[in-house]
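Enquirer: Requesting a structural model of the entry that follows:
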Amino acid sequence: MNNPLLSFTDLPLFDQITPEHVAPALEVLLADASQALEKVTSPDFPAGWADISAVLDVSTEKLGRAWGAVSHLNSVADTPELRAAYNEALPKITEFFTRLGADERLFAKYKAIDTASLNAEQHQAHTYAIRNFVLGGAELTGLARDRFAAIQERSAELSQKFSENALDSTDAFAHYASADELNGVPDDVKQAARAAAKAEGKEGFKLTLKLPCYLPVMQFAKSSALREILYRAYVTRASDQSDESTRKFDNSALINEMLALRLEEAQLLGYRNFGELSVAPKMAESPEHVITFLRDLAIKAQPFAEQDLADLREYAKEHPGLPEPQPWDWSYIGEKLKEARYAFSEQEVKQYFTAPKVKAGLFKIVESLFEVKIERGTTPVWNSGVEFYRIERAGQLLGQFYLDSAARKGKRGGAWMDDVRGRWMRPDTHQLQTPVAHLVCNFADGVDGKPPLLTHDDVTTLFHEFGHGLHHLLTQVNERDVSGISGVEWDAVELPSQFMENFCWEWEVLKDMTAHVDTGKALPRALFDKMLAGKNFQSGMQTLRQIEFSLFDMLLHTTHNPTHDVMPLLNQVRKEVAVLQPPSWSRPAHTFSHIFAGGYSAGYYSYKWAEVLSADAYAAFEETIGKDGLPNAETGRKYREAILEAGGSRPAIESFKAFRGREPALDALLRHQGMAAEQT
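Expert: Numbering: from 1, shown residues only. So this is what the prediction gives:
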C-alpha cells in the first residue's frame, strides 16, 4: 500500500518512485488486469460497452499509467538500477497487452456489442477497437498466434536495446578541447563546457554529442579539425564504424532482426510487408501512395536544393581555407553564408530568446487564441528543473502538463510529448478525469546565473511540442480511446504541432517573447526582418533531407530484404533524392530512433504528410489576420473546436474539412518554404 506506483488518487509521485517499486507494483496491477480480463470474457458477462469499460478499461488504465510513469523516468532519468527494473518488467507488460489485444473471447464480446446503443464517440472507439483486434492478431490461431506473441515480446526488447545503445553511445563520448580549439564557439557554450570539465576535475572544455553542445560547435567552431572529431563521433554512434571503445553499442544486428520480425508479423496478419500493415490505420491509402507523394515532393524541391548547394560551394570557393569542403564543414559554411547574406547570426538572435521570456510569449498566444489561462502549479517532479502548469478556461480545469526543458546525462535526446493520462468520463467514479501531459525538450542550461538561451530552432521545437500538448489537453471528448491524440491517425497527429511552429515567424507574436539576456531589450524589428528574409535559407536541402529519411523508412519496410545490410538501400535513396552525399562511413540509421524505437516505423513520412495539412490550416489564419497583425480569435476558436477539441472522435480528414471546408492542398506548404509553383 506504500508503493507510490499504486497511488492513483492524483498525479504520479515522481519524487518517491524508486527502481525497487517497479516489480511489486506491476505484479499487483498485472494480476488485477488479468483478473479483469477473465471477468469480462466469462460467458455470463454482458456484452455492453459501459459494462466492459467499468471493469477492464479501469484496470488496464491503471496499469498503463503506472507503466507510463516507469517508462517516462527511464527516458528522462536513466540509471543502471532503473534500466534493470524496466527491462525486467518489459516482457511481462508486452506479454499482457499482446494477449489482451489478441484475446478471441474479448474480440467476440466487442463484436457482440449493440452499436446502436453507442453514442458517436463510443461508436468511433468501437470501430477502432475492432480494427485493432484484427491488427493485434485476434484472428490468428494455434502456432501463428503463439509466434505473433513471441514477435511482440522480442520486438519490444530490441526496441529498448536500440534506444539504450543510442543513448549510451552518445553519453560515452567526450572531447576535452583547449581554448584555442574553441575559437568561434559561442561564449555560453564554452562556459557550459568549461563547467562540465571542472565538475570532473579536468582541464579544458568538455564537448559532448548532446545537441546543445554539438550543433553550435559544428556551426561556429573555426577549427575544421575539431568539427571533424565531433562529426565522426556523431554520425557513427551505435554502429560498427564507431570508436572501438564504443563498438559494443553497435545497433546493426538489432536493426536486421527488428526488420525481419516486422516483415514476419505483417505476413502473419495477411499483409505483403510491414509498410502495408503500418498504413492500414493511417490516412494514406497504401505504401505506394506514400512513395509517390514523397517522390513528387522531391521533384518539386530538387531545383531549390541544387541552388542551395551551388550557393554553398560558391561561398566556400571564395573564402580561404575552404577550397574543398568536407562533410563536417557544411554546417559551418552554411552558417557563414547565412551571416553574409542576411547580415545576422544565430548566435546574435539567441541572446534575445531567454527561456522564461519565450515561455511567457508562448503562453500568451495560446491563452489569447484558444481562450485559456495557463498557471504555474506544484506537484512532485523527477528533477528540480522540471516545471508544472495548469490550463483552465473560465475557472474550470482543462488539463495539466510537465515541462522538462534541459538536456542532461541520462536523458534521451530529442523532444517529445507523452500522455500521463487521458481525458475520460470514468465509468468507475462517473467523474471527469482531466488530461495530463509530459512536454520534453533538450535545451542548453543557463550559465553564470543567467537564464537559458534558446536558438530560434529551439523556440520552434518548444512550440511544436506544445502543439502536441494542446491536442491532448484541450480535447472535449469524454471517451478515453478517442480523446486527445488517442485514435488520431498517425500521419495526421503532427498537424497541431507543426501548425504551432508558424507563430514563431509572426512579428506580433515573436516580439512579446524576446528580451536580451544582458540589456532586457526586445528583439529589434530590423533583426527580425533579416531572420524572415533568411527563413527559407536552404529549405530545398532541408526538404530533401526529410524526404530522404521518409523514403528510406518506407522502402526499408516494403522492398528491402531484412537479412541484408541497410546501407545499400540508404545509398540508393541518397542517389535518388539527395544533392549532398555524406561519407561512406556515416551511419544515421543506427540512431534513427523514430523508426526503431519511437513508433514511426514505416511512418516517418507523417512529418511531411502532416506538414501539408498544417500549412494549409495555418493559411486560414493568414487569410484572416487582423490589422494589428495578430491571429484572428474567431479563426482560433474554429480551429480549436474542429481540430483540437475533436481529437480522434472522427477521421482526421473530416476534422480538417470541418475547419477548412475543403480537402487539403499542397500550395501553402510550398509557399511557406519558398518553393511556390510560380517560382519553378
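
Enquirer: hey, let's count contacts and neighbours off CA atoms from now on
Expert: OK.

Enquirer: which residues touch Tyr231?
Expert: Neighbour list for Tyr231: 218, 328 [criterion: CA atoms under 8 Å, 6 or more residues apart in numbering].

Enquirer: do the same with the one 5 residues further on
Expert: The contact partners of Thr236, taken as CA under 8 Å, 6+ apart, are 242, 585-588, 590.

Enquirer: What does the pLDDT read for it?
Expert: Note for Thr236: predicted pLDDT of 98.

Enquirer: hang on, the earlier thing: check the contacts of Thr236 against Pro356 and report the nearest one.
Expert: Closest to Pro356 out of the contacts of Thr236 is Pro588 (33.8 Å), distances taken as CA to CA.

Enquirer: Just confirm Val76 contacts Lys411, I think it does.
Expert: Yes: taking contacts as CA atoms under 8 Å, Val76 lies within contact range of Lys411: 4.2 Å.

Enquirer: More neighbours: those two, which one.
Expert: The residue with more neighbours, out of Val76 and Lys411, is Lys411; 22 against 19, by other CA atoms under 10 Å.

Enquirer: Spell out the secondary structure type for that one.
Expert: Taking DSSP: H, G, I helix; E, B strand; the rest coil as the rule, one finds Lys411 in the coil state.

Enquirer: Kindly report the same for Pro12.
Expert: Applying three-state DSSP: Pro12 is coil.

Enquirer: again, but for Asp180
Expert: coil.

Enquirer: Tell me, how many residues neighbour it?
Expert: As a burial measure, Asp180 scores 9 neighbours (other CA under 10 Å).

Enquirer: Let me know the distance separating it from Gly422.
Expert: The gap separating Asp180 from Gly422 is 52 Å, by CA to CA, to the nearest Å.

Enquirer: what about the strands in the chain?
Expert: Counting by DSSP state E, the segments of the chain that form strands are 175-177, 205-207, 373-376, 387-393, 396-406, 416-421, 424-425, 432-433, 436-443.

Enquirer: I'd like to know which of these lies nearest to Leu473.
Expert: Leu473 lies closest to strand 396-406 among the strands of the chain, at 5.2 Å (CA to CA).

Enquirer: any idea how far the closest residue to Leu432 other than its chain neighbours is from Ala125?
Expert: Excluding its sequence neighbours, the residue lying closest to Leu432 (CA to CA, 6 or more residues apart in numbering) is Met425, at 4.4 Å. According to CA to CA, Met425 and Ala125 sit 14 Å apart.

Enquirer: who's more crowded, those two?
Expert: Ala125 (23 against 16).

Enquirer: check contacts around His516.
Expert: For His516, the contact set (CA under 8 Å, 6+ apart) comprises 351-354, 522-523.

Enquirer: Out of those residues, which is nearest to Ser614?
Expert: For those, the nearest to Ser614 is Phe353 (24.8 Å; CA to CA).

Enquirer: Test for you: state the pLDDT assigned to the closest one.
Expert: Looking at Phe353, its pLDDT is 98.

Enquirer: Over to the one 5 residues further on?
Expert: Turning to Val358, the model gives it a pLDDT of 98.

Enquirer: Which residue, neighbours along the chain excluded, lies closest to it?
Expert: Residue nearest to Val358 in three dimensions, not counting chain neighbours: Met513, with 4.5 Å by CA to CA, 6+ apart.

Enquirer: likewise Gln431?
Expert: That would be Met425: by CA to CA, 6+ apart, it lies 5.7 Å from Gln431.

Enquirer: and what of Asp553?
Expert: Ala602 (5.5 Å).

Enquirer: And for the helix or strand of the chain with the lowest mean pLDDT, what's in contact with it?
Expert: Within the chain, confidence by mean pLDDT, DSSP states H and E is lowest for helix 667-672 among all helices and strands, at a mean of 87. Here helix 667-672 makes contact (CA under 8 Å, 6+ apart) with 611-612, 615-616, 619, 676-677.

Enquirer: Which ones among those residues lie within helices?
Expert: Those of the contacts of helix 667-672 mapping onto helices are 611-612, 615-616, 619, per DSSP state H.

Enquirer: If we only consider those, which is nearest to Ala144?
Expert: The closest of the ones in helices among the contacts of helix 667-672 to Ala144 turns out to be Glu611 (CA to CA; 38.6 Å).

Enquirer: I'd say the closest one and Leu495 touch.
Expert: Yes: the pair Glu611 / Leu495 is scored as a contact, 6.5 Å apart, by CA under 8 Å.

Enquirer: So between the two, which is more surrounded?
Expert: Between Glu611 and Leu495, counting by other CA under 10 Å, Leu495 is the more crowded of the two (31 against 23).

Enquirer: measure the most centrally placed residue in the chain to Glu371 for me?
Expert: For the chain, Trp416 is the residue whose C-alpha lies nearest the centre (CA atoms, centre = their mean; 4.1 Å). Distance check for Trp416 against Glu371: by CA to CA, it reads 25 Å.

Enquirer: quick one, domains of the protein?
Expert: Split into domains by automatic domain parsing, the chain comes to 4-153, 173-249, 251-325+536-680, 343-517.

Enquirer: As a check, name the ranges of all helices in the stretch 251-400 of the chain.
Expert: Taking DSSP state H, counting those that start in this stretch as the criterion, the stretch 251-400 of the chain contains helices spanning 252-268, 274-279, 287-318, 330-342, 346-350, 355-370.

Enquirer: To clarify, my last question referred to the stretch 451-600 of the chain.
Expert: Under DSSP H, counting those that start in this stretch, the stretch 451-600 of the chain gives helices at 456-473, 495-501, 507-510, 525-533, 539-556, 567-577, 593-597.

Enquirer: one step back: could I get the contacting residues of the residue nearest to Gln431?
Expert: Applying CA under 8 Å, 6+ apart to Met425 gives the contacts 431-433, 478-480.

Enquirer: Adding pLDDT and distance to Ser606, write those residues out as TSV.
Expert: Shown next, in TSV, are the contacts of Met425 (pLDDT from 0 to 100; distance: CA to CA, whole Å):
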residue	pLDDT	distance to Ser606
Gln431	97	35
Leu432	98	32
Gln433	98	30
Asn478	98	27
Glu479	98	25
Arg480	97	24
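
Enquirer: What subset of those is buried?
Expert: Buried subset of the contacts of Met425 (neighbour count, 16 or more other CA atoms under 10 Å): 433, 478-480.

Enquirer: Listing request: residues of the stretch 1-150 of the chain with sub-threshold pLDDT.
Expert: Scanning the stretch 1-150 of the chain for pLDDT under 70 picks out the ranges 1.

Enquirer: Tell me where the model's unsure across the protein.
Expert: 1, 677-680.

Enquirer: how does it look with 50?
Expert: 678-680 (pLDDT under 50).

Enquirer: quick one on the thing from earlier: Throw the domains of the chain into CSV and include distance to Glu335, thanks.
Expert: Output for the domains of the chain, formatted as CSV (distance: least, CA to CA, whole Å):
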stretch, distance to Glu335
domain 4-153, 31
domain 173-249, 6
domain 251-325+536-680, 10
domain 343-517, 7
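
Enquirer: Sounds good, over and out.
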